[in-house]
Structures are given as C-alpha cells and as structure tokens.
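**Student:** how would this look folded up:
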Amino acid sequence: MKVVTIVGARPQFVKAAAVSRVLKSHTSIEEIILHTGQHYDDSMSEVFFREMEIPKPFINLEIKSTLHGEMTAQMLTGIEKVLIDQRPDAVMVYGDTNSTLAGALAAAKLQIKLIHVEAGLRSFNMAMPEEINRILTDRISNLLCCPTEQAVINLTNEGFGNLNLNVIKTGDVMQDAAIYYSQKSAENSTILKQLALERFVLCTLHRQENTNDKLRLRNIVQAINEINAVIPVVLPLHPRTKKILAADSLLPHCTIIDPVGYFDMIELIKNSSVVMTDSGGLQKEAYFFSKYCITLREETEWIELIDNGVNYLVGADKRKIVDTALKYLDQKLLTSIDLYGKGQASENIADAILKYI
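**Tutor:** Numbering: from 1, shown residues only. Sure thing, here's the model as predicted:
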C-alpha cells in the first residue's frame, strides 16, 4: 500500500514524525512524504526534519507563504501532478493548514482515498482560516482519525454518521511525539544554556486574529511587558509577527528569540513557569509537560483542557492575561487523566489504515 503524506507547516512535521516512525515498522505500507514548502526557511522547516529523523521529503514544492487563495491554488496544482505520477492508494493530511486543504482537494478530485489526522476539531469560529480548512477536509475524507472524544462528538453532531466513511478515535499523535522526544530534547537542546534564565514565562504569538488586529496586539504586548517586569518572558518570534510588531513600533520588552526547533521548544516548555500562547498545539504540549496554559484566544479546539482546569482563555484582555499568568506561575498540575491516548495514537492510526484503506 502506497500512502502519500502531505506536510507543509512545523506542527505537521511533529505529527508526521510520530506516525512515520510507526509506519516504518509496517512492511505492507510504503510512505512518501510531500512537503509543500509552506514553512520554508531552516528554522521553520529543515531543522525539524534533521532533529526528528523524519524521512526526507520525496519532493518539496517550495511554495512560499502568500495570499490564502494563491497559495492553496499553487499547492493544489503541484500536489495533483505528484499524485497523478505516483498513483498512491491513499493520501494522508494533518491538521488545518492550507497544505492540508490543498492535499485533501487534490486527493478527492482524483478519487484517491483520504486520511485526515486531527479530524473533528472545531473552534466554531469561521473567521479562522484553519476552521474553514478543517471543516472542508473532514467532509471529503474517507478515514477520519480523531484525537479526542469531543472531536468524535463534533462529527456526530454534524451528521457524519450518515456518510460512507470511517470515524475513529485514535488519540493525539502530538502526545506520542512529546513522550518519544522528551529525552532526546534534554540531551540535544542547548537553549536553556543560551538563555541563562532560572525562571521564565514562555510565550508564542502568531495567530492572525491577534497579529492583524492592532488593538488586540497592543493589549497583548502591554500584558507581556507587565509580566516581564515580574518574571522574564521568553518570546520565540515568527518572522511575520516580528515584522508586524516592528512596523507598529510594538516590539515587546522581553527576551525575544528566533523561532526554535522542536527539541528547544520542548525544553522551553518543560522548564517554563507557565505558558502563554495563541497556538493550538502548544496548548496541548503545555499539558503534556504539566504546565498551566494561558491561551490568548476567545475559543479553543481543545475544550477538554478548559473543562479540566488546566487551560484558561483570556483573549486579548490585558488584565486577564497578566492576572491569570501570574496566578499560575510555577504551579504544577496533575496530568494523569487520559485525554489524548497516552502515546498510542500513531499505532492506532496505522491499524486504522490497514483496516479501512
């Protein structure tokens, strides 16, 4: 069985690393990796493949970030040509990026079976490009691998039980990766030595709903500055976000560093006092490493974290951000509840592929 895996953004590299490692052990499955190039510089892409020992992509389309429509169209054209040439039995896509949607559309148009890892997630915010991508991808998939029970419920509520497809609760492959790479990160990362900070808050900021709204962005930056006056804030800054902040003279007064690889990010999470983010994946990774998370959004796909009192939605409210972050500094949380599959998601996905594709 030949499976073409399509990736393009750094969270997908992490997820693909976990699943690809398991697929290697199944001699009946041949995996080919196609990289769209959505994240294309070394810090956002190549370092992940090197560190995480992901098989080198069969092809890199080298499609850079641009307008959503243009990017998706270029990806669709490139992916379609590869699929016609390779004639795979299935296409596997991850998450909710433009690479995900382009890969899904190409597979569906060519009547190739489609596997969606991280199916069923919903923020119920249609202003998010990611929400549009995940809804459309789910609808044209043949095998929907759901990371949580809530994801299964979401698909049931949308009538997926009446469609000719398979919905499987597999667990979350990001937990697989976190468990597997935690020891490797401790051995290989030098980020803590470079920073020389005993205590710090880890913060990431990149989502368009924050960076494209000057009022929200200003409030978040002011909150970061206030927290940084109490405890250092470490902010790995996406190039796009850095450009926006600089253009508006809003660069925060904190420790700004370049984007980091997965090993460095794991060590930053493990050694932080609390995590602040508008990222989806980092909310879960904070939980995996027993850190409270302050989410700079109005909603989250990972509502089980909210329900269990380990993640707090604060939006762009300066006072809420500061008060909540300082409240949970250095507090340990219990992560014994099985929310994400305890590291067995990749095996479950491989089994589902062999059974249903």
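**Student:** Only C-alpha atoms from now on, for both contacts and neighbour counts.
**Tutor:** Fine.
**Student:** Could you list the low-confidence segments of the protein?
**Tutor:** In the predicted model of the chain, residues 39-46, 48 satisfy pLDDT under 70.
**Student:** and the longest helix for it?
**Tutor:** Taking DSSP state H as the criterion, the chain has its longest helix at helix 68-86.
**Student:** Which residue ranges of the stretch 201-350 of the chain form helices?
**Tutor:** 208-211, 214-228, 239-247, 262-271, 281-288, 303-307, 318-327, 345-356 (DSSP state H, counting those that start in this stretch).
**Student:** nearest to residue 339, of the ones you listed?
**Tutor:** helix 303-307 (7.4 Å; CA to CA).
**Student:** Please state the offset of the closest one from the chain centre?
**Tutor:** Taking CA atoms, centre = their mean, to the nearest Å, one finds helix 303-307 lying 17 Å from the centre of the chain it belongs to.
**Student:** swap in stretch 89-109?
**Tutor:** Centroid separation between stretch 89-109 and its chain, computed with CA atoms, centre = their mean, is 16 Å.
**Student:** Can you mark which positions in that stretch are buried?
**Tutor:** Buried residues in stretch 89-109, counted by 16 or more other CA atoms under 10 Å: 89-108.
**Student:** Same question for stretch 295-309.
**Tutor:** Those would be 295-297, 299-305, for stretch 295-309 by 16+ other CA under 10 Å.
**Student:** now stretch 158-171
**Tutor:** Going by 16+ other CA under 10 Å, stretch 158-171 has these buried residues: 160, 166-171.
**Student:** what does stretch 141-155 give?
**Tutor:** By 16+ other CA under 10 Å, the buried positions in stretch 141-155 come out as 141-152, 154-155.
**Student:** and what of stretch 196-207?
**Tutor:** Those buried within stretch 196-207 under the rule 16+ other CA under 10 Å are 199-207.
**Student:** Equivalent analysis for stretch 131-138, please.
**Tutor:** Per 16+ other CA under 10 Å, stretch 131-138 contains these buried residues: 131-135, 137-138.
**Student:** circling back to that earlier point, farthest-separated two in the buried residues of stretch 295-309?
**Tutor:** So for the buried residues of stretch 295-309, where distance means CA to CA, the most widely separated pair is 296 and 304, at 16.8 Å.
**Student:** Which stretches in this structure count as strands?
**Tutor:** Under the criterion DSSP state E, the chain carries strands at the ranges 2-7, 30-35, 59-60, 90-94, 113-117, 143-146, 166-169, 201-204, 233-236, 255-257, 274-277, 293-295, 311-313.
**Student:** tilt between the first one and strand 30-35?
**Tutor:** In other words, strand 2-7. In terms of direction (axes from the mean of the first three to the mean of the last three CA atoms, to 10 degrees), strand 2-7 departs from strand 30-35 by 30 degrees.
**Student:** how many degrees apart are strand 2-7 and helix 345-356 in direction?
**Tutor:** 140 degrees.
**Student:** that older thread, and the buried residues of stretch 196-207 as CSV, adding distance to residue 190?
**Tutor:** What follows is these, written out as CSV (distance: CA to CA, whole Å):
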residue, distance to residue 190
199, 16
200, 16
201, 18
202, 16
203, 19
204, 19
205, 22
206, 24
207, 27
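**Student:** between those residues, which is closest to residue 126?
**Tutor:** residue 207 (14.1 Å).
**Student:** Thought residue 277 was touching that closest one, still the case?
**Tutor:** No - between residue 207 and residue 277 there is no contact under CA atoms under 8 Å: 9.3 Å.
**Student:** Can you tell me what sits against stretch 334-341?
**Tutor:** Residues from elsewhere that reach stretch 334-341, judged by CA atoms under 8 Å, 6 or more residues apart in numbering: 147-148, 170-172, 175, 287-288, 290, 304.
**Student:** Widest-spaced pair of the residues you listed?
**Tutor:** Across those, the longest distance by CA to CA is 22.0 Å; it joins 170 and 290.
**Student:** burial count for residue 186?
**Tutor:** Neighbour count of residue 186, defined by other CA atoms under 10 Å: 15.
**Student:** Skipping its backbone neighbours, what lies nearest it in space?
**Tutor:** Ranked by CA to CA, 6 or more residues apart in numbering and with sequence neighbours excluded, the top spatial neighbour of residue 186 is residue 267, at 6.7 Å.
**Student:** burial measure for the one you found, as a count.
**Tutor:** 21.
**Student:** And the one 4 residues further on, by the same measure?
**Tutor:** Other residues near residue 271 number 19, with proximity taken as other CA under 10 Å.
**Student:** got the contact list for it?
**Tutor:** Contacts were defined as CA under 8 Å, 6+ apart; by that measure residue 271 touches residue 199.
**Student:** Mind doing that once more with 10 Å?
**Tutor:** Neighbour list for residue 271: 192, 197-202, 265, 289, 291, 330 [criterion: CA atoms under 10 Å, 6 or more residues apart in numbering].
**Student:** Now do the contacts for residue 232.
**Tutor:** 197-202, 224-225, 253-255, 273.
**Student:** With adjacent residues omitted, what lies nearest to residue 37?
**Tutor:** residue 62 (4.1 Å).
**Student:** Run a quick neighbour tally on the closest residue to residue 65 other than its chain neighbours.
**Tutor:** Spatial nearest neighbour of residue 65, excluding adjacent residues (CA to CA, 6+ apart): residue 38 at 5.7 Å. A count of nearby residues for residue 38, using other CA under 10 Å, gives 25.
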